[in-house]
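Enquirer: With the sequence up front, the predicted model follows.
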Amino acid sequence: MVDMEINIVSRDTIKPAAAATSSLHPHQKPCNLCIFDQLIPTTYVPMLFFYPIIDPNFNLPQTLAHLKNSLSHTLTQYYPFSGRTKDNLYIHDFDAGVPYLEARVECRMFEVLELQEIELLNRFLPFHPFCKETESPDLLPLVAFQVTVFACGGISIGISLSHKIFDTQTANIFLKSWASVSRRDHEEAITSNPNLCQASLTFPVSDNLPQKYLAFMESMWFEEKKYVTRRLVFDAKAIATLREKAKSELVPNPTRVEALTCFLWKHATSASRHGGTSRRASAVAHAVNLRRRLKPPMPDNAIGNLFLWATTIYNPSDTGETTDELCDLLQLLHESFNGLDHDSLDALRGEDGRRAIFEYLDQLLEWMEILDPTPEIYAFTSWINILDEVDFGWGKPFWIGVMGKVGHAFRNLTVFVNTQRGNGIEAWVTMDEKQMSIMEKDPQFLAFASPNPRIMNV
């Protein structure tokens, strides 16, 4: 029997190096949020990195001390992450610091990974993932860390990132910077210094953001249901077959993520209608990084929630029939991606752009009122081709995990992550328990998806 009791051995607050940002930035003004930051509810995104340590000369106490010290130095450049939000407008109080936990567990890392019980993963995170936070946002840290040491000497780093300021690319640039400082790669650390103000200058906050928009966005993020999270793995052969099935004259070369998104959308929609005659519409909302879609492009190191949801809806009542064709769903998805071109995004810049965003939200509110019943929404986000390089000096992560169980209120969400070997993709799918149970018994679904295979084999 594996002893999975995790003992927290220390709780610290890490602040930017030199003890106080007031000495480093004596005239530093608050760091403004952007309009997209404002609209996102306060919740924590989880990330988990597992590092087996095989170096016989590895000095654990020295490594743990250096890890904290390198984080402090990284926060000198990323000082807003050490602060707190104020009135959903800006970040200040840069000396508040970030929670940093160290823990021990009396088992080997591979014993945990072989258990295949992903519900256990939340024990390696400082905060519960994707909860509807009830505490005042102004009191909550923007990021927190838990470093857990296994009996074998392996290390996991669990990170909870506030979605109020972190999108995936922001997390990626920050973690790579920390890792480069840790392994003393000063050249890479310098090149990845953050751009702190571009997002707020391009997409400025609203001093009087209407409450109806905040309430609407919260309702889009959180719905009371009995959710479960499953880890589904698609190997390279399965992905290639699905891409072949999904291609069409209009989309001759669908990406891996596009093909998997539509495959999961198709089967989730089918499961929601199982045993009934429901004609409920279903919608996909896929996170799209805006940085390189803007003209001129915004740098990759611009921090903040610089993404939008590419949305598309499939309504069987429009045609009177359902479709089983991946290519049809993929064409809808592709059109939604193409709609986020630099011309449409340019219209969202500045004060005039903020009015355009409000008009778009009004249209969504009207759309949700017209559709009865409201559509089932499936959200997707991709961590493909990022985060794999988070090397603190001990090598790349053996495995990147996401989370165990979300809170009692959330939404259907899929996170795509590269497998660390074999060119496959892990899909971390959170969905209503009944829907998931139907999908897990569907032979057509299981022909491509492998439910939670041994991590050692992926």
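Expert: Perfect, I can see it now.

Enquirer: pLDDT-wise, which helix or strand of the protein ranks last?
Expert: helix 21-24 (a mean of 50; mean pLDDT, DSSP states H and E).

Enquirer: so after that helix, what's the next helix or strand?
Expert: strand 31-32 (DSSP states H and E).

Enquirer: tell me the mean pLDDT for that following strand?
Expert: Strand 31-32 shows an average pLDDT of 96 in the prediction.

Enquirer: residues in contact with the next helix-or-strand element following that strand?
Expert: For strand 31-32, the following helix or strand on the C-terminal side (DSSP H and E) is helix 35-39. The set of residues external to helix 35-39 that reach it, using C-beta atoms under 8 Å, 6 or more residues apart in numbering, is 88-89, 164-165, 199, 203-206, 209, 213-214, 217, 304-308, 354, 357. Using the backbone N, CA and C atoms, a C-beta is placed for each residue, glycine as well.

Enquirer: Repeat the analysis, applying 7 Å as the threshold.
Expert: 88, 164-165, 203-206, 209, 213, 217, 304-306, 354, 357 (C-beta atoms under 7 Å, 6 or more residues apart in numbering).

Enquirer: after it, next one along is what?
Expert: strand 44-51.

Enquirer: who does that following strand pair up with?
Expert: Note on strand 44-51: by DSSP bridges, its sheet partners are strand 155-162 (antiparallel), strand 399-401 (antiparallel).

Enquirer: give the contact list for Leu140.
Expert: The neighbourhood of Leu140, defined by C-beta under 7 Å, 6+ apart, consists of Thr42, Glu133, Ser162.

Enquirer: Pop out the phi and psi values for it.
Expert: Main-chain torsions, Leu140, degrees, to the nearest 10: phi -90, psi 140.

Enquirer: And for Ile91?
Expert: Here the main-chain torsion angles of Ile91 (degrees, to the nearest 10) amount to phi -110, psi 140.

Enquirer: What count of nearby residues applies to Glu133?
Expert: 18 (other C-beta atoms under 10 Å).

Enquirer: Now name the helix or strand holding it.
Expert: Applying DSSP H and E, one finds Glu133 in no helix or strand.

Enquirer: Scan the protein for its longest helix.
Expert: Looking only at the chain and at elements set by DSSP state H, the helix with the highest residue count is helix 350-370.

Enquirer: who touches that helix?
Expert: Under C-beta under 7 Å, 6+ apart, the answer for helix 350-370 is Ile35, Phe203, Pro204, Ser206, Tyr213, Phe216, Ala347, Leu348, Thr374.

Enquirer: Now do the strands in the stretch 351-458 of the chain.
Expert: With DSSP state E, counting those that start in this stretch applied, the stretch 351-458 of the chain shows strands at 376-382, 399-401, 409-410, 412-418, 425-432, 450-451, listed in chain order.

Enquirer: repeat for the stretch 151-300 of the chain
Expert: Using DSSP E, counting those that start in this stretch, strands in the stretch 151-300 of the chain cover 155-162, 223-224, 227-234, 282-289.

Enquirer: Any idea which of those has the lowest pLDDT on average?
Expert: Minimum mean pLDDT among the strands of the stretch 151-300 of the chain: strand 223-224, a mean of 88.

Enquirer: quick check, distance from that strand to the centre of its chain.
Expert: Computed by C-alpha atoms, centre = their mean, to the nearest Å, the chain-centroid distance of strand 223-224 equals 19 Å.

Enquirer: Name the surrounding residues that touch that strand.
Expert: His408, Ala409, Arg411.

Enquirer: The last one: how many residues sit nearby?
Expert: When neighbours are counted by other C-beta under 10 Å, Arg411 registers 20.

Enquirer: Could you do the first one as well?
Expert: As a burial measure, His408 scores 12 neighbours (other C-beta under 10 Å).

Enquirer: Return the residues in contact with it.
Expert: Glu224.

Enquirer: Which phi and psi values does it adopt?
Expert: Main-chain dihedrals, His408, degrees, to the nearest 10: phi -70, psi -10.

Enquirer: how close does it sit to Gly83?
Expert: In this view, His408 and Gly83 are 30 Å apart by C-beta to C-beta, to the nearest Å.

Enquirer: ok, and the most crowded of the contacts of helix 35-39?
Expert: Greatest neighbour count in the contacts of helix 35-39, by other C-beta under 10 Å, goes to Gly304: 29 neighbours.

Enquirer: Thr170 is in contact with that residue, correct?
Expert: Yes - using C-beta atoms under 7 Å, Gly304 is in contact with Thr170, at 6.4 Å.

Enquirer: do you know which of the strands of the stretch 151-300 of the chain lies nearest Asp300?
Expert: Asp300 lies closest to strand 282-289 among the strands of the stretch 151-300 of the chain, at 8.8 Å (C-beta to C-beta).

Enquirer: Next, the angle from the closest one to helix 350-370.
Expert: If you take axes from the mean of the first three to the mean of the last three C-alpha atoms, to 10 degrees, strand 282-289 sits at 160 degrees to helix 350-370.

Enquirer: quick one: strands adjacent to strand 282-289?
Expert: strand 307-314 (antiparallel), strand 376-382 (parallel).

Enquirer: Give the buried residues for the longest one.
Expert: Burial within strand 307-314, assessed by neighbour count using 16 or more other C-beta atoms under 10 Å, is assigned to Phe307, Leu308, Trp309, Ala310, Thr311, Thr312, Ile313, Tyr314.

Enquirer: ok, and what's touching it?
Expert: Residues contacting strand 307-314 (C-beta under 7 Å, 6+ apart): 167, 281-290, 329, 332-333, 335-337, 339-340, 375.

Enquirer: if you set the cut-off to 6 Å instead, what comes out?
Expert: Strand 307-314 has contacts (C-beta atoms under 6 Å, 6 or more residues apart in numbering) with 167, 281-290, 332-333, 336-337, 340, 375.

Enquirer: Which elements pack onto whichever strand or helix holds Gln146?
Expert: Assigning secondary structure by DSSP H and E places Gln146 in strand 143-150. Counting contacts by 3 or more C-beta pairs under 6 Å, 6 or more residues apart in numbering; DSSP states H and E, strand 143-150 is packed against strand 98-105, strand 155-162.

Enquirer: Any idea what the closest residue to Ala427 other than its chain neighbours is bridged to?
Expert: Closest residue to Ala427 apart from its sequence neighbours, by C-beta to C-beta, 6 or more residues apart in numbering: Leu232 at 4.6 Å. Beta-bridge partners of Leu232, counted by DSSP bridges, are Ala427, Pro451.
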